[in-house]
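Asks: A structural model of the following input is requested.
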Amino acid sequence: MEFKRAARDAVWALRERGVQNPPWPARVDGVLFVCYGNICRSPFAARLAALRLEQARISGIRCASAGFRTSQRAASPPDAVATARRYQVQLEDNRPTLLSDELVRSHDVVFVMEPGHLAQLRRRWPTEHARFFLLPRFEVPEPGVGPFERVHFVDPFGRGEAAFVDSYARIARAVDRVVALCAASRS
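Replies: Purely as a prediction, here's the structure:
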């Protein structure tokens with residue numbers, strides 16, 4: 001296991017330099033979070049961002065989520081729902097939304113959870129690159145986080161509660177920085 005992690009980190013130590021975010025826009029009115037199935041990571045990120053914006057008394061910024069494929073499951077799994085509650089985020093009513101042209105074009109910033117997602121967006125919408133951001137790049141990682149983790153919020157689906165706890169903690173740190181940037185765009 002350690003050998004696999006070391007090999008993966010060596011590869012991503014080289015690759016991560018090529019995974020950079022574009023400049024932050026001057027004003028943000030809409031934020032879209034995207035993951036694979038829209039049942040774990042992206043709905044949590046969107047709802048947490050909306051909650052944090054509300055808590056900061058920042059209005060007028062729409063938060064939404066979508067997935068590349070929404071056939072994985074019809075709702076968020078129990079581990080996602082339970083872990084999200086720790087952040088006062090409700091996922092019980094989440095139903096996956098398929099990513100569309102309209103969603104991408106109606107949001108100023110589109111966040112994804114891993115480099116493969118970023119590549120998919122760039123291929124599908126080649127003229128919209130300035131809107132696409134890798135959410136893990138906004139996390140201030142804790143000590144010991146390797147190159148792979150610095151650019152991936154690994155999908156916790158099917159990996160148990162501990163995976164959700166780790167994933168949601170990392171997403172929350174990144175969302176807090178995104179909310180601060182959104183707030184600054186309103187100043």
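Asks: so which helix or strand takes in A119?
Replies: Assigned by DSSP states H and E, A119 belongs to helix 115-124.
Asks: The following helix or strand past that helix packs against which elements?
Replies: Sequence-wise, the next helix or strand downstream of helix 115-124 (DSSP H and E) is strand 132-134. When contacts are defined as 3 or more Cβ pairs under 8 Å, 6 or more residues apart in numbering; DSSP states H and E, strand 132-134 packs onto strand 109-112, helix 115-124. C-beta here means a position set from N, CA and C on the backbone, and glycine is covered the same way.
Asks: how about the strands of the protein, start to end?
Replies: Secondary structure of the chain (DSSP state E): strands located at 30-35, 62-67, 109-112, 132-134.
Asks: would you list those strands in CSV and tack on mean neighbour count?
Replies: As requested, the strands of the chain are arranged in CSV below (neighbours: other Cβ atoms under 10 Å):
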stretch, mean neighbour count
strand 30-35, 26
strand 62-67, 22
strand 109-112, 26
strand 132-134, 22
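Asks: any chance of the ones you listed in TSV, with distance to R122 and mean pLDDT too?
Replies: Listed next are the strands of the chain as TSV, based on distance: least, Cβ to Cβ, whole Å; pLDDT from 0 to 100:
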stretch	distance to R122	mean pLDDT
strand 30-35	12	97
strand 62-67	16	97
strand 109-112	10	97
strand 132-134	6	97
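Asks: Between those, which one is closest to L181.
Replies: strand 109-112 (9.0 Å; Cβ to Cβ).
Asks: List of residues touching that closest one?
Replies: By Cβ atoms under 8 Å, 6 or more residues apart in numbering, the residues outside strand 109-112 that reach it are 25, 28, 30-35, 45, 104, 118, 121, 128, 131-135, 178.
Asks: The helix holding A119 relative to strand 30-35, how many degrees between them?
Replies: 120 degrees (axes from the mean of the first three to the mean of the last three Cα atoms, to 10 degrees).
Asks: and among the helices and strands packed on strand 132-134, the most buried is which?
Replies: strand 109-112 (a mean of 26; mean count of other Cβ atoms under 10 Å).
Asks: any idea of the mean pLDDT in the helix holding A119?
Replies: For helix 115-124, the mean pLDDT works out to 95.
Asks: That's all I had, so thanks and see you.
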